[in-house]
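*Asks:* for reference, the sequence and a predicted model appear below.
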Amino acid sequence: MQSIDTYDFSGKRAIIRVDFNVPLDKQTKEVTDDTRIRAAIPTIKKVLAGGGSVILMSHLGRPNKNPDPDFSLKFIISCVERNLGMTIDFADDCMGPQAAEKAVALKTGQVLLLENLRFYAEEEGKPRGLAEDASDEEKAAAKKVVKESQKEFTKKLASYADCYVNDAFGTAHRAHASTALIASCFPNDKMFGYIMEGEIKAIDKVLEHPEKPFTAIIGGAKVSSKITIIENLLKKVDHLIIGGGMVYTFKGAQGGKVGNSLCEADQFEVALNILAKAKELGVQVHLGTDVLCGQEFNNDTPRKVFPANDIPDGWMGLDAGSETTRSFCDVIESSKTILWNGPVGVFEMPNFATGSRKVAEAIARATSKGAYSLVGGGDSVACINQFGLNKQVSYVSTGGGARLEYMEGIELPGVAAVRK
Ligand code: AMP
C-alpha cells in the first residue's frame, strides 16, 4: 500500500471513493449539510497539487433503480465546486461510454464526478427486484448473477484510473465494489485518503497504543447496542465509565430499584457478565451513585435526585447526579487516554444536559493537560458540538457504523483491501 503523502500523482488519474452521501433538501435538492464534502477536500487537493487529475465516485441515499432521479449526484455539483474553488465535470452514468470518455480526456488538475454508484446493484452486490416470496434457490441464483456482473462493474470503474484512493471511512465496513473490491485492481497503486488515515490512526492510537490510565466512557441509551464494543474495550481500559440509559440495566441486574428508567431486563445476564469480566481483568467500572430523575421524558418534567439503585416508581433517571458527575470527572481528568462514546444523560433536553456537559468539559481539560481524547459515535459528536468543545478534544470521529465495527475489533473490508 502507498501513502497519499509520498505517492507521485504527476500525470496520473486517481479514482477516489469519497463519502458524498450528504443530506439534500426535499424540495430544492440543495445540500443541507456539506460536512462530508468539506472533509474530502484536502485529499482531492493533494492529488491535484501533485499534478494528477481526479475521478470522484460515491453513493447517495438508497436508490433501487437506474437511474433514480431523486438520488442523482448532479445535485451536489455546485456544492463540491464551491468547496473546491473550481468547476468540475460530471458523468451522468458511472458506467457507459460517457464516463470512460470523460475519464480518458481528463487533464492534469481537472476533476470528474461520476453519477451515483448505487444506481447499479453491482455496487453493493445485492440482487434487486426479487419477488417477496422468492425461494432460497431463487435468491441464491440472483445473488450469483449479481456477484458475477460485479466483477465487470469493478473492472470498469478501475479502468478509468491509474491509482485508487479510498477516503470513505463511513462505508469502510461494507465490502462493496468501490470500497473494497476495486483495490485489488491496483496492487501497487492504492492508498487511504486523509479522512481514512485520520480515523484509522486515531482509533489505533487509542486501542493499540493507549497511554495509561485509559478511560472509556460508554453512554447512550441501550446496553444491547454496545455489548461488543464494551467487551473489546474491557481488555484495554483501566476505567470504564458507564452512563446514560445503560446504567439502569446494570443497576437493575445488581438488584437495584430503577423506577421507570430505561432498563433492558433481558440484558441483566450480559451486564453481570461484563461486571465479572471487568473484575477479573482489574478494570474499574464506574456506574455512578446518584441520578437526576424526571417524572416524564420531557425537559419540563419535575426533577429530583435519587440514589442510582433506589429510584421510586414514577421517576426515571435522565442524567447523572452531581456526585456521580464529579466522580466521573475526577477519573477523566486523571486519565492519559480517553474514549467517549455516548452521552451520560438526555443531553438534548437542557435540564438533563449538565452531566454530559461536565463530562465534555473534563475531557477538554484533560486534553489540554496532554491526554489524548477520541470522541466518536453519532450522539457524542452531536453532544460535543452542542457544547462547542469539538476543537478542544484530540479527535472527533465521524465514522458511524464503520467506526463502531472497527472499535469492536472487526476488520473492515475497506481498510483490509487497501492494506493487503
Ligand atoms: P446511543 O445512540 O445508544 O448512543 O444513545 C444516545 C441517546 O441516548 C441520546 O439521544 C440520549 O438522549 C439517550 N439517553 C441518554 N441517557 C438516557 C437516559 N437516562 N434515558 C433515556 N435515554 C437516554
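*Replies:* Okay, I see it. Residues are numbered from 1 along each chain as shown.
*Asks:* Three-state assignment for residue 285, please.
*Replies:* strand (DSSP: H, G, I helix; E, B strand; the rest coil).
*Asks:* that one - how many residues pack around it?
*Replies:* Using other C-beta atoms under 10 Å, residue 285 is surrounded by 17 other residues. (Glycine included, C-beta is placed from N, CA and C.)
*Asks:* what residues are bridge-paired with it?
*Replies:* On the basis of DSSP bridges, residue 285 takes part in beta bridges with residue 240.
*Asks:* for the helix or strand in which residue 204 is found, list every residue counted as buried.
*Replies:* Element membership for residue 204 (DSSP states H and E) is helix 194-207. Burial within helix 194-207, assessed by neighbour count using 16 or more other C-beta atoms under 10 Å, is assigned to 194, 195, 196, 197, 198, 199, 200, 202, 203, 205, 206, 207.
*Asks:* the third one contacts residue 170, correct?
*Replies:* Okay, so that is residue 196. No: assessed by C-beta atoms under 8 Å, residue 196 is found out of contact with residue 170, at 9.9 Å.
*Asks:* just to revisit the earlier point, what's the helix holding residue 204 in contact with?
*Replies:* 4, 19, 39-40, 42-43, 46, 166-169, 172, 192, 214, 232, 236, 337, 339, 372, 374, 376, 394-395, 397-399, 402-403, 406-407, 414-415, 418 (C-beta atoms under 8 Å, 6 or more residues apart in numbering).
*Asks:* ok, now with 6 Å
*Replies:* Residues from elsewhere that reach helix 194-207 (C-beta atoms under 6 Å, 6 or more residues apart in numbering): 39, 42-43, 166-167, 169, 337, 339, 374, 395, 397, 399, 406.
*Asks:* name the next helix or strand following it along the chain.
*Replies:* In N-to-C order, the element after helix 194-207 by DSSP H and E is strand 214-218.
*Asks:* what residue ranges in the chain score low on pLDDT?
*Replies:* 378 (pLDDT under 70).
*Asks:* just the helices in the stretch 1-150 of the chain please.
*Replies:* With helices called from DSSP state H, counting those that start in this stretch, the stretch 1-150 of the chain shows them at 35-49, 77-84, 96-105, 121-124, 136-159.
*Asks:* how about CSV for these, with distance to the ligand and mean neighbour count added?
*Replies:* Formatted as CSV, the helices of the stretch 1-150 of the chain follow (distance: least, C-beta to the nearest ligand atom, whole Å; neighbours: other C-beta atoms under 10 Å):
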stretch, distance to the ligand, mean neighbour count
helix 35-49, 19, 19
helix 77-84, 28, 17
helix 96-105, 38, 14
helix 121-124, 25, 23
helix 136-159, 32, 15
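*Asks:* got CSV for the ones you listed, with distance to residue 112 too?
*Replies:* Output for those, formatted as CSV (distance: least, C-beta to C-beta, whole Å):
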stretch, distance to residue 112
helix 35-49, 11
helix 77-84, 11
helix 96-105, 5
helix 121-124, 18
helix 136-159, 12
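*Asks:* ok so, going back, as TSV, the buried residues of helix 194-207 with distance to residue 221 would be great.
*Replies:* What follows is those, written out as TSV (distance: C-beta to C-beta, whole Å):
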residue	distance to residue 221
194	32
195	28
196	29
197	31
198	28
199	24
200	27
202	24
203	23
205	28
206	23
207	23
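*Asks:* next, the residue nearest to residue 13 when sequence neighbours are not counted: phi, psi?
*Replies:* Nearest residue to residue 13 in three dimensions, chain neighbours excluded: residue 161, at 4.5 Å (C-beta to C-beta, 6 or more residues apart in numbering). In this entry, residue 161 is assigned phi and psi values of phi -140, psi 170 (degrees, to the nearest 10).
*Asks:* which residues touch residue 161?
*Replies:* Residues near residue 161 by C-beta under 6 Å, 6+ apart: 13, 15, 55.
*Asks:* go again using 7 Å as the cut-off
*Replies:* Residues in contact with residue 161 (C-beta atoms under 7 Å, 6 or more residues apart in numbering) are 13, 14, 15, 55.
*Asks:* how close does it sit to residue 245?
*Replies:* Counting by C-beta to C-beta, to the nearest Å, the gap between residue 161 and residue 245 amounts to 47 Å.
*Asks:* from the ligand, how far out is residue 71?
*Replies:* Look at residue 71 and the ligand: by C-beta to the nearest ligand atom, to the nearest Å, they are 26 Å apart.
*Asks:* no wait, residue 5
*Replies:* From residue 5 to the ligand the distance is 34 Å (C-beta to the nearest ligand atom).
*Asks:* how about that residue: what's its closest non-neighbour residue?
*Replies:* Closest residue in space to residue 5, ignoring its immediate chain neighbours: residue 46 at 7.8 Å, by C-beta to C-beta, 6+ apart.
*Asks:* what about the helix or strand where residue 332 lies, distance to the chain center?
*Replies:* Per DSSP H and E, residue 332 falls inside helix 322-333. How far helix 322-333 lies from its chain's middle: 27 Å, per C-alpha atoms, centre = their mean, to the nearest Å.
*Asks:* also stretch 348-359?
*Replies:* How far stretch 348-359 lies from its chain's middle: 23 Å, per C-alpha atoms, centre = their mean.
*Asks:* re earlier: what is the nearest of the contacts of residue 161 to the ligand?
*Replies:* When the contacts of residue 161 are compared for distance to the ligand (C-beta to the nearest ligand atom), residue 15 wins out at 34.0 Å.
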